[in-house]
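# Below is the sequence, then the predicted model.
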Amino acid sequence: MLQPLFLEEIDDDGIAWLVLTRPEVHNAFNDALIAELTTMLDGLGTDERVRAVVLSARGRSFSAGADLNWMKRSAEYSQEENLKDARALAGLMRTLYELPKPTLALVQGPAYGGGVGLIACCDIAVAAETANFCLSEVTLGLIPAVIAPYVIAAMGERPARRYFLTAEKFTAREARRIGLIHETVPDEALQDTGRRIVRALLKGGPNAQVDAKALVLAVSGRAIDDDLVEDTAARIARTRTSAEAREGIAAFLEKRKPKWRAD
């Protein structure tokens with residue numbers, strides 16, 4: 001049986017390279033892919049070998065969103081069965097969004113529906129110049145419900161109002177303009193750009209990166225009040241006393257690389 005997703009490798013630097021491998025159906029989602037990817041991400045999140053996760057895809061498309069055969073089956077489900085199905089997809093998105101490791105999406109070709117959700121859930125997203133995007137759900141009489149919190153956080157409410165309602169395709173350049181992706185590159189440079197970003201990630205303290213990601217999630221959208229100020233003060237106080245921080249500061253003062261850097 002063809003696996004819908006596989007772990008290509010965890011390399012010597014601790015980078016987990018995940019590849020969507022259903023090119024014959026444009027890497028579309030089904031229940032098996034959702035379950036496997038969620039389980040795999042859960043494992044990578046707790047694997048001490050892993051420094052970062054890179055998500056990419058084989059074939060002409062990054063992901064076409066939901067598999068049509070899966071959608072056809074779900075139309076016959078009961079309300080309870082549909083709710084269970086939707087919770088599984090929502091769980092995947094939340095797992096990726098909150099993964100305690102840096103995440104990078106490398107996007108080639110079309111990314112539709114849930115594929116856009118995967119991109120929005122990653123910390124960093126780079127797209128080939130020929131990539132294109134679409135939140136196509138309304139054309140099928142559906143809504144992009146479970147991906148909405150992450151897509152709106154990435155692109156903002158105003159663009160979401162347009163693209164949720166019109167289901168227009170938009171380019172990589174537009175995706176960058178509205179904040180869905182961080183960088184566009186020539187198609188042939190996508191993998192090299194991914195490796196460049198990975199090298200930058202490897203310069204940071206592993207624990208500091210976990211805490212920095214948690215900091216973004218804790219601070220985003222909150223009012224700047226006494227509680228938030230106290231929370232941020234407590235976070236940096238804890239970090240300063242860590243072994244990793246002591247090593248990082250000592251390495252800087254001694255003009256050497258910290259122990260976590262292999263380069």
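Yep, it's here.
# what about the longest helix in this structure?
Assignment by DSSP state H gives helix 79-97 as the longest helix of the chain.
# residues making contact with that helix?
For helix 79-97, contacts defined as CB atoms under 8 Å, 6 or more residues apart in numbering pick out 29, 31, 34-35, 37-38, 41-42, 45, 74, 77, 103, 114, 117-118, 121-122, 145-147, 150. Glycine gets a C-beta too; all of them are placed from N, C-alpha and C.
# Helices - which of those residues land there?
With DSSP H as the criterion, helices contain 31, 34-35, 37-38, 41-42, 45, 74, 114, 117-118, 121, 150 from among these.
# Which entries within the contacts of helix 79-97 meet the buried criterion?
Burial by neighbour count, judged by 16 or more other CB atoms under 10 Å, picks out 29, 31, 34, 37-38, 41, 45, 74, 103, 114, 117-118, 121-122, 146-147, 150 from those.
# In the protein, mark out all the strands, start to finish.
5-10, 15-20, 52-57, 103-107, 110-112, 124-128, 132-134, 170-171, 183-185 (DSSP state E).
# Other residues contacting the fourth one?
For strand 103-107, the external contacting residues (CB under 8 Å, 6+ apart) are 52-57, 62, 96, 118-119, 121-128, 131, 172, 181, 190-191, 193-194, 197-198, 201.
# Adjacent strands (with direction) for that strand?
Looking at strand 103-107 with DSSP bridges, its partner strands are strand 52-57 (parallel), strand 124-128 (parallel).
# can I see the domain layout of the chain?
Structural domains assigned to the chain are 5-201, 206-253, following automatic domain parsing.
# In contact with Ala154: list those residues for me.
Ile119, Ala120, Gly179, Leu180.
# Relative to Ala262, which of the domains of the chain is closest?
domain 5-201 (6.6 Å; CB to CB).
# how close does Ala127 sit to Ile152?
Distance, Ala127 to Ile152, by CB to CB, to the nearest Å: 19 Å.
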